[in-house]
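S.K.: generate coordinates for the sequence data below:
(one chain, ligands or ions: 1)
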Amino acid sequence: MKINDEFIVNIENFSNSGEGVAKVNGQVVFVEGACPDDEAKIKITKVNKNFANAKILEIITTSPHRTEPFCPMQKVCGACNMQFIDYDYQLKIKHQIVKDAMTKIAHIETPVNFPIASPKIKNYRQKIQYPIAQTKNSKRILAGYYKPKSHEIVNIKYCPIQPEMCDKIIEFIREEALNFNIIGYDEKQHSGDLRHVVIRGSEYSGKFLVTLVLNRKFEVFSESDKFVQFAKLLADKFSEISGVCINFNDKKTNVILGEKSVCVAGIDFVEEKIIDKVFKIGTNTFFQVNPKSAENIFKYVKNEVSKSETPTVLDAYAGIATFGIVVSDISKSVISVEENKESIEKAKEVIVSNNISNVEVYAQDTLKYLKSIKKKFDITILDPPRKGCAQEVLSETLNHTKEKIIYVSCNPATLARDLKYLKEKGCKVESIQPFDMFCHTTHVETVAIVKV
Ligand SMILES: C[S@@+](CC[C@H](N)C(=O)[O-])C[C@H]1O[C@@H](n2cnc3c(N)ncnc32)[C@H](O)[C@@H]1O
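M.R.: The predicted model follows:
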């Protein structure tokens, strides 16, 4: 097989990077824009050692799972790479992604349940992070997502997976920023003022927290500063905005937020309700992007905790202690551990405002915390970032857990790796339940219940 070879293939599968998968003479070929059950004429674009890449020249038989994307930008914007596949079939693909990880990486026989669908599949995304740039000649501000595999911004005016208000706020920034002499960021030159706009929304309150990420070192602005004036105008323009923050990030990095933020208009959080508790979400605190689907996960985990009689619970990688607070009324005591100080501050406020007396929070690294204690918990909830848990963390978790581990994961591959380790240490994986939190993308959230 070589570049420019053409073949007629059936698309058999969908990869977790968002491409159709076909086989030519036993070799795997990833086909851009292809849907399982398409029959297509393809052209090879790249040949690697174990696989090849291809593009579609012609669809000969259209897959019954194809649907018209509801976003006009779907083909150019890299965000929703499954939107051309009908939603029920998206769930089947995610089911397969988790099943493949469990069999190929974890070698676990525990059946994987069918994913629980997201209650909303449009306007569900309550967190947006748009990179900002500026055109060279016309000096227009660009705001949107990057094209796939590039840093070229798709200037998005309308995004149907996020609340309409986000489009309005972004449009206002696009139109008004130049009037304040606020310049869009030039990544190559590392120059300009505004590098990102981050918006956190709330299903519960309908409010939005806007953060302007500046290409600046931290400084104390006066009331007359152009950024403060601009932030105030933005907050005045939309009654739905709860507050506007400025974040300082002068580093040459892909990391969006710098360490320091200040609130220059309104308040520095939005409130979100999960089950019966109201949480505070700030600029730099973790919170699931799809609160409706997240609530299904919180209910599922709470139900699992309720199977033990008033257990002691460790909530590790806690964010704003969401799991800890949600299970507090059915637990004897809870300890939530999270390394981000801003998240822990928000958690403390919620604990006080909800009159909760049995949740303690620690701003600490999970491993350091586990190594520093002697006590054991009935249940440990682990909800690490995509890279999963280090083996030392898993081993320490086993030392400190009596009954079960509830492992919440946003990456099936690292979950499978960690379950393999736990199984080798004698644990039993009782159930695996995926949830669809990121509709129209290949991302999938999974909760595994592990008996220790
Ligand atoms: C996937 S989020 C889960 C947050 C929370 N459980 C929730 O559902 O909202 C992972 C969290 O782990 C935190 N984190 C990452 N590494 C950590 C570490 N080594 N120790 C403690 N927390 C960590 C991150 O700051 C983030 O808040």
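S.K.: spatially nearest residue to D365, not counting backbone neighbours?
M.R.: Among residues not flanking D365 along the chain, E339 sits closest, at 5.2 Å (CB to CB, 6 or more residues apart in numbering). Quick note: C-beta positions are derived from backbone N, CA and C, even for glycine.
S.K.: for that neighbour, give me the pLDDT.
M.R.: pLDDT recorded at E339 is 97.
S.K.: and the gap between it and A347?
M.R.: For E339, the distance to A347 equals 13 Å [CB to CB, to the nearest Å].
S.K.: next one: T103
M.R.: 37 Å.
S.K.: quick one, which of the two is more surrounded?
M.R.: A347 (27 against 13; other CB atoms under 10 Å).
S.K.: in which helix or strand does that one reside?
M.R.: A347 belongs to helix 341-353 when assigned by DSSP states H and E.
S.K.: and the very next helix or strand once past that helix, what's its mean pLDDT?
M.R.: Per DSSP H and E, the first helix or strand lying C-terminal to helix 341-353 is strand 359-363. Averaging pLDDT along strand 359-363 gives 98.
S.K.: flag every buried residue along the following helix or strand past strand 359-363.
M.R.: Counting by DSSP H and E, the element after strand 359-363 in chain order, helix or strand, is helix 366-372. Across helix 366-372, burial judged by 16 or more other CB atoms under 10 Å covers T366, L367, Y369, L370.
S.K.: so how far is T62 from the residue of the stretch 51-200 of the chain found nearest the ligand?
M.R.: In the stretch 51-200 of the chain, the residue found nearest to the ligand is K127; the distance is 11.7 Å by CB to the nearest ligand atom. Distance of K127 to T62, computed by CB to CB: 34 Å.
S.K.: what about those two, which has more around it?
M.R.: K127 (18 against 12).
S.K.: what pairs with the lowest-mean-pLDDT helix or strand in the chain, and is each one parallel or antiparallel?
M.R.: None of the helices or strands of the chain scores lower by mean pLDDT, DSSP states H and E than strand 153-155, at a mean of 91. Taking DSSP bridges as the criterion, strand 153-155 pairs within the sheet with strand 141-146 (antiparallel).
S.K.: what does the average pLDDT come to for whichever strand or helix holds K23?
M.R.: Using DSSP H and E, K23 sits within strand 20-24. Averaged across strand 20-24, pLDDT comes to 97.
S.K.: stretch 437-444 too?
M.R.: 96.
S.K.: start the count at 9, not 1, going forward
M.R.: With the count now opening at 9, the last piece we talked about shows up as stretch 445-452.
S.K.: in it, which residues are buried?
M.R.: M445, F446, C447, H448, T449, T450, H451, V452.
S.K.: ok, stretch 360-379 next?
M.R.: N362, I364, N366, V367, V369, Y370, A371, Q372, T374, L375, Y377, L378.
S.K.: cool, and stretch 176-185?
M.R.: By 16+ other CB under 10 Å, the buried positions in stretch 176-185 come out as I177, I178, I181, R182, A185.
S.K.: and for stretch 252-264?
M.R.: Within stretch 252-264, the residues scored as buried using 16+ other CB under 10 Å are V252, C253, I254, N255, F256, N257, I264.
S.K.: tell me the residues on the chain that lie near the ligand, please.
M.R.: 294-296, 325-327, 330-331, 345-348, 351, 373-374, 391-393, 418 (CB under 6 Å from any ligand atom).
S.K.: about what we covered before: want to try a markdown table for the buried residues of stretch 445-452, with distance to I93 as columns?
M.R.: Shown next, in a markdown table, are these (distance: CB to CB, whole Å):
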| residue | distance to I93 |
| --- | --- |
| M445 | 17 |
| F446 | 14 |
| C447 | 11 |
| H448 | 8 |
| T449 | 11 |
| T450 | 10 |
| H451 | 14 |
| V452 | 14 |
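S.K.: leaving out chain neighbours, which residue sits closest to the residue in the stretch 159-308 of the chain that the ligand sits nearest to?
M.R.: Residue of the stretch 159-308 of the chain nearest the ligand, by CB to the nearest ligand atom: F294 (3.3 Å). Once flanking residues are discounted, F294 sits nearest to G327: 3.9 Å by CB to CB, 6+ apart.
S.K.: for T293, same thing?
M.R.: T293 sits nearest to S351 (CB to CB, 6+ apart), 4.3 Å away.
S.K.: ok, P80 next?
M.R.: Y166 (7.5 Å).
S.K.: the one you found: which element?
M.R.: Using DSSP H and E, no helix or strand contains Y166.
S.K.: tally of neighbours for it?
M.R.: 13.
S.K.: just list the residues touching it, thanks.
M.R.: Applying CB atoms under 8 Å, 6 or more residues apart in numbering, we find Y166 in contact with C79, P80, M81, D175.
S.K.: report the two of those residues separated the most.
M.R.: The most widely separated members of the contacts of Y166, counting by CB to CB, are P80 and D175 (12.8 Å).
S.K.: which residues in the stretch 109-258 of the chain form helices?
M.R.: With DSSP state H, counting those that start in this stretch, the ranges of helices along the stretch 109-258 of the chain come out as 172-184, 234-245.
S.K.: the closest residue to P123 other than its chain neighbours: which element?
M.R.: Nearest non-adjacent residue to P123, counting by CB to CB, 6+ apart: P442, 4.0 Å away. If you go by DSSP H and E, P442 is part of strand 436-443.
S.K.: list the contacts of the residue in the stretch 209-358 of the chain positioned nearest to the ligand.
M.R.: The stretch 209-358 of the chain approaches the ligand most closely through G327 (2.8 Å), counting by CB to the nearest ligand atom. For G327, the contact set (CB under 8 Å, 6+ apart) comprises T293, F294, F295, E346, N348, S351, A355, D391.
S.K.: surely V313 is in a strand?
M.R.: No: applying DSSP: H, G, I helix; E, B strand; the rest coil, one finds V313 to be helix, outside a strand.
S.K.: was I right about it contacting K340?
M.R.: No: assessed by CB atoms under 8 Å, V313 is found out of contact with K340, at 11.0 Å.
S.K.: between these two, which one's more packed in?
M.R.: The neighbour count for V313 versus K340, taken as other CB under 10 Å, is higher for V313 (22 against 14).
S.K.: skipping adjacent residues, who's closest to the more buried one in space?
M.R.: In space, V313 is closest to V335, 4.6 Å off (CB to CB, 6+ apart).
S.K.: who are the contact partners of the one you found?
M.R.: Going by CB under 8 Å, 6+ apart, V335 touches V309, K310, V313, V321, D323, V342, I389.
S.K.: quick check: which element contains the fourth one?
M.R.: Going back to what we said before, that points to V321. Going by DSSP H and E, V321 is in strand 320-324.
S.K.: what strands line up against that strand, and which way round?
M.R.: Assessed with DSSP bridges, strand 320-324 is paired to strand 341-346 (parallel), strand 385-390 (parallel).
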